[in-house]
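Chemist: show me the folded form of this:
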Amino acid sequence: MSNHSIFSNVRGDLASGLVVFLVALPLCLGIALASGAPLFSGIVSGVVGGVMVGFLSNSSLSVTGPAAGLTAIVLTAITDLGGFDVFLVAVIIAGLLQIGLGFARAGSFSNYFPTSVIEGMLAAIGIIIILKQIPHAFGHDVDNEGDFFFIEKSGHSTFDTLLESINFIHGGALIIALLSLAILITWDKVSALKKIKMIPGALVVVVLSIILNELFIKSGSVLAITTKNHLVNLPSFNEIKDGFAWPNFSSLTNQKVWIVAITIAAVASIETLLCIEATDKLDPFKRFTDTNRELKAQGVGNIVSGLLGGLPMTSVVVRSSANINSGGRTKLATIFHGVLLILFALSIPFILNKIPLSALAAVLLMVGYKLAKPSVFIHLWKNGFSQFIPFIITVFAVVGIDLLKGVAIGLGVSILFILYQNLKIAYSFKKESLHDGDVITIKLAQEVSFLNKAAIKSTLGDLPEKAVVIIDATNTKYIDFDVVEMLKDFRNVTAIDKEIKLTLKGFKENYTVDNTEFKHVKNKDQNN
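Modeler: Residues are numbered from 1 along each chain as shown. Below you'll find the model as predicted:
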């Protein structure tokens with residue numbers, strides 16, 4: 001696995017691609033339904049995201065497809081623009097804009113996401129998956145698969161639906177969900193099953209759930225799951241044909257189309273960069289994705305998706321983490337899942353439509369648990385408050401609001417902690433009690449910015465009279481001009497008034513200090 005070529009893990013990648021397909025299928029359909037778009041547009045987006053973006057991207061593990069975070073934008077845009085065919089033009093333009101962002105090297109923006117915020121986002125997505133899938137496991141399928149918003153389309157909150165589902169438990173769905181969870185947990189832990197590990201536990205779950213439900217139906221049991229809203233519901237060929245749309249290029253001059261395109265390009269690009277950063281963090285081989293290339297790949301994907309009547313797409317954490325957990329190691333898993341989506345959706349929809357959603361809910365519950373397991377919270381707690389507070393605030397914000405706003409809040413809190421830490425490490429304060437008075441050493445940090453001015457000023461103001469003070473800048477490479485001016489005032493006024501014996505040490509590289517002046521001069525680079 002040293003070179004991680006596309007065929008270096010064929011067996012594991014094909015098995016993983018199958019699991020990702022099973023996870024992606026209901027999500028593609030659910031997101032299309034929630035977006036007010038033709039059902040098959042979700043499949044088109046999943047296929048293009050898997051095959052084309054999977055091939056063009058240099059991420060080995062990221063899986064691209066229709067994103068829950070775009071559903072509100074898509075739903076509103078289709079209504080405002082007057083039709084899905086006009087909306088498709090906005091998707092194509094958004095793809096072109098993303099390619100432009102890639103060439104402008106906007107992907108480097110992802111380097112500024114703090115680890116604590118990314119960890120918080122991953123844990124929050126895990127919690128959301130768990131909260132959203134429990135009702136499906138109970139057989140209460142009022143909420144679309146792929147709706148990850150706290151306030152759902154019905155107007156109820158996630159917690160409302162969760163509590164409500166207790167009163168609408170479908171016995172057959174619950175039995176299938178519990179049996180599926182037991183199989184998935186056993187599949188991971190029992191060593192005797194290692195010989196057949198090439199068969200994914202998720203596939204076993206799906207096959208057994210279909211067989212069990214067919215037995216319920218044949219026996220006339222009240223446990224039988226027969227209504228469509230409890231099963232995968234792929235559109236028929238006639239529904240695909242009637243709902244299919246081509247982009248209406250006559251709307252290119254419509255100002256609203258361009259506004260929607262810019263919105264999609266911005267939101268999809270930020271979500272993709274967040275998900276790529278998160279996926280790289282989950283990668284067991286710690287590989288790094290070229291984010292500028294990723295933006296270009298996403299742009300091409302959105303252009304093709306728009307041309308073929310598909311939804312806009314992003315890199316998606318749920319599918320990517322399912323890929324990693326199932327043993328995917330190269331692009332082959334992502335590409336294979338896309339191939340399976342189009343192949344099976346067109347060839348055997350009558351079999352796929354027999355899959356109970358409660359079985360797929362069990363698969364997703366396992367994905368959610370692995371993202372939000374208690375050890376993640378314990379690990380961040382042990383890293384200290386500066387890591388844990390941004391992490392936990394990101395978790396609550398993403399769960400309670402949405403992905404982008406939640407991450408923005410977490411990022412803001414993280415920046416506050418960075419500023420606070422910067423204030424603390426501007427200098428170290430050392431006081432030694434000697435026979436002839438106090439010797440106070442103030443050792444400046446490597447960089448001292450204007451943000452540190454208030455803290456240093458306060459410390460200097462509190463120095464006792466007739467003290468011996470050493471301000472040591474030996475290891476300091478940068479001192480802000482405002483701080484320099486403040487030190488000059490202290491040396492020339494305050495220190496004299498308080499009869500403080502002041503020694504300025506180590507300023508020679510960037511500043512000249514003698515008995516009469518404290519003069520700023522050019523550094524070596526400027527002299528050259």
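Chemist: so where is the chain shaky, pLDDT-wise?
Modeler: The model of the chain has pLDDT under 70 over residues 1-4, 154, 191-197, 421-438, 508-528.
Chemist: and with 80 instead?
Modeler: Filtered on pLDDT under 80, the chain yields the residue ranges 1-4, 144-156, 188-198, 418-438, 446-447, 449-452, 454-455, 480-481, 507-528.
Chemist: all strands for it, in order.
Modeler: With DSSP state E as the criterion, the chain has strands at 63-66, 313-316, 427-434, 437-444, 447-448, 468-472, 478-479, 501-505, 511-513, 518-520.
Chemist: distance of the closest residue to residue 64 other than its chain neighbours from residue 342?
Modeler: Computed as C-beta to C-beta, 6 or more residues apart in numbering, the closest residue to residue 64 that is not its neighbour in sequence is residue 49, at 3.4 Å. Every residue, glycine included, has its C-beta placed from N, CA and C. According to C-beta to C-beta, to the nearest Å, residue 49 and residue 342 sit 12 Å apart.
Chemist: which one of the two has more residues nearby?
Modeler: residue 49 (37 against 16; other C-beta atoms under 10 Å).
Chemist: contacts only, for the more buried one.
Modeler: Shown in contact with residue 49 (C-beta atoms under 8 Å, 6 or more residues apart in numbering): 63, 64, 65, 66, 301, 305, 313, 338.
Chemist: around the closest residue in space to the fifth one that isn't next to it in sequence, how many other residues sit close by?
Modeler: Read it as residue 301. In space, residue 301 comes closest to residue 53 once its chain neighbours are excluded; the distance is 4.0 Å by C-beta to C-beta, 6+ apart. Residue 53 has 32 neighbours, counted by other C-beta under 10 Å.
Chemist: pretty sure residue 53 sits against residue 295.
Modeler: No: using C-beta atoms under 8 Å, residue 53 is not in contact with residue 295; the gap is 10.8 Å.
Chemist: so in the chain, which helix runs the longest?
Modeler: Counting by DSSP state H, the longest helix found in the chain is helix 255-282.
Chemist: list the contacts for residue 290?
Modeler: 58, 107.
Chemist: same check, this time on residue 83
Modeler: 245, 248.
Chemist: for residue 285, which phi and psi angles does the backbone take?
Modeler: Here is the backbone geometry of residue 285 (degrees, to the nearest 10): phi -100, psi 0.
Chemist: distance of it relative to residue 157?
Modeler: Computed as C-beta to C-beta, the residue 285 to residue 157 distance reads 39 Å.
Chemist: now do residue 315 against residue 385, distance only.
Modeler: 31 Å.
Chemist: neighbour count winner among these two?
Modeler: Neighbours were counted for residue 315 and for residue 385 using other C-beta under 10 Å; residue 315 has more, 30 against 10.
Chemist: hmm, residue 269 and that one touching each other?
Modeler: No: counting by C-beta under 8 Å, residue 315 sits too far from residue 269 to count as a contact (10.1 Å).
Chemist: need the overlap of contacts for those two.
Modeler: residue 298.
Chemist: if I look at the nearest residue to residue 92 once chain neighbours are set aside, how far off is residue 505?
Modeler: Nearest residue to residue 92, sequence neighbours excluded (C-beta to C-beta, 6+ apart): residue 306, at 3.8 Å. Between residue 306 and residue 505 the computed distance is 65 Å (C-beta to C-beta).
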